[in-house]
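**Q** Got a predicted structure plus its sequence, pasted below:
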There are 2 protein chains.
Amino acid sequence: MNNSRFAISLHILVLLEKANEELISSDYLAGSININPVLVRKELINLRKHGFVGTKEGKNGGSYLAKPADRISLADVYLAVRQETLLGIAKNTPNPNCPVGREINTHLNELYESTEQVLVRSLSGKSLATFSREFD
Amino acid sequence: MNNSRFAISLHILVLLEKANEELISSDYLAGSININPVLVRKELINLRKHGFVGTKEGKNGGSYLAKPADRISLADVYLAVRQETLLGIAKNTPNPNCPVGREINTHLNELYESTEQVLVRSLSGKSLATFSREFD
DNA sequence: TTAAACTGTAACAAATTAAATTACAATATA
DNA sequence: TATATTGTAATTTAATTTGTTACAGTTTAA
């Protein structure tokens, strides 16, 4: 992964899980994570798109967990935020006149994909509920 | 991972493996990868530090594989280039007054570490020799 | 014994990406 | 209808990655 979106999303989800259906504002979430509320809202849009959370607009609005925490795996969260493959897309443009340069991206991408599958399988063994329970 | 160092290192190693002990210049390597030779030299320093390659200075100098390719696993390469943990270090500084904020980095780091171990175990199953053989 | 072809490395610049900020419209509530 | 909220675009700032330049040090071979 590249940025900290996985951490931010997980943080949001744990807070919502612990809130027990109560609506939590993006300002509150941002305060706990210590980042800008706009980033939280952007992340919430993505989480909502994946059906993990719901939001209510307007005064006294906020977000809530829209799916039981034991039915959200960390792999689901990972897949929801990931943009490129794990080890970084093969984005170089190697020399096509070199026999190795010509092929390397193909082989790297295969490697990246199979490696990511291993990771996803591992993350799918842990649910948000389990992760959240690790907190006091 | 963050950048493309894993890809660059693997590319270098495959080229050296195929060169069969012959010295390859950083300019040639850079030409195949299509990046600046200085970046290649920096990467070579790291690869050398880990005992994967050797270099000879001066005219007609260059680099060579210093260890049999079947004794270098892709996990070795990964560990040699990785700087932070896989999913990104938990580098936010969450609000310590929030019960979740206070603990999240601990739990994230545990998760990251165990996940990375899974990945390393997977990568350790493939050697540079095997990877290199995938090329025509 | 010197010119040429290399590596090593520092310092700086440019490009890319991530994060924060600002601003304001839209929505819902009391 | 004032207020608290989300939604979202545009912009700025900061951080990170990548590339460039420059030159000293090393080795070779004519």
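**A** Yes, it's here.
**Q** Is the residue of chain A most remote from its centre in a helix, a strand, or coil?
**A** Most distant residue from the mean C-alpha position of chain A: A:Asn97, 38.8 Å away (Cα atoms, centre = their mean). Assigned with DSSP: H, G, I helix; E, B strand; the rest coil, A:Asn97 falls in the coil class.
**Q** So for it, what pLDDT did the model give?
**A** Looking at A:Asn97, its pLDDT reads 89.
**Q** One more: A:Ile89?
**A** Listed pLDDT for A:Ile89 reads 61.
**Q** Would you mind confirming that A:Thr55 is in contact with A:Leu47?
**A** No - using Cβ atoms under 8 Å as the test, A:Thr55 is too far from A:Leu47 to be in contact (9.2 Å). Every C-beta, even on glycine, is put in place using the N, C-alpha and C of the backbone.
**Q** Distance-wise, check A:Ile12 relative to DNA strand C.
**A** 13 Å (Cβ to the nearest atom of the strand, to the nearest Å).
**Q** same question, A:Lys42
**A** Noted for A:Lys42: a distance of 8 Å to DNA strand C, by Cβ to the nearest atom of the strand.
**Q** do A:Leu10 as well
**A** Where DNA strand C is concerned, A:Leu10 sits at a distance of 14 Å (Cβ to the nearest atom of the strand).
**Q** Same question for A:Val40.
**A** Distance from A:Val40 to DNA strand C, by Cβ to the nearest atom of the strand: 9 Å.
**Q** before we move on, what about A:Asp76?
**A** Taking Cβ to the nearest atom of the strand as the measure, A:Asp76 falls 20 Å from DNA strand C.
**Q** What of A:Asp136?
**A** Per Cβ to the nearest atom of the strand, A:Asp136 is found 26 Å from DNA strand C.
**Q** Wait, A:Leu29 touches A:Lys42, no?
**A** No - between A:Leu29 and A:Lys42 there is no contact under Cβ under 8 Å: 11.9 Å.
**Q** Neighbour count for these two, which is higher?
**A** For A:Leu29 versus A:Lys42, neighbours defined as other Cβ atoms under 10 Å in any protein chain shown are more numerous around A:Leu29 (26 against 14).
**Q** pLDDT on the helix or strand encompassing that one, on average?
**A** Counting by DSSP states H and E, the element that carries A:Leu29 is helix A:26-33. Model confidence over helix A:26-33, given as mean pLDDT, is 96.
**Q** Would that helix count as contacting chain B?
**A** Yes - using Cβ under 8 Å from any Cβ of the partner chain, helix A:26-33 reaches chain B at A:Gly31, A:Ser32, A:Ile33.
**Q** How about stretch A:73-83?
**A** Yes - against chain B, stretch A:73-83 shows contacts by Cβ under 8 Å from any Cβ at A:Leu74, A:Tyr78.
**Q** Between A:Thr55 and A:Leu47, point out the one with more neighbours.
**A** A:Leu47 (25 against 18).
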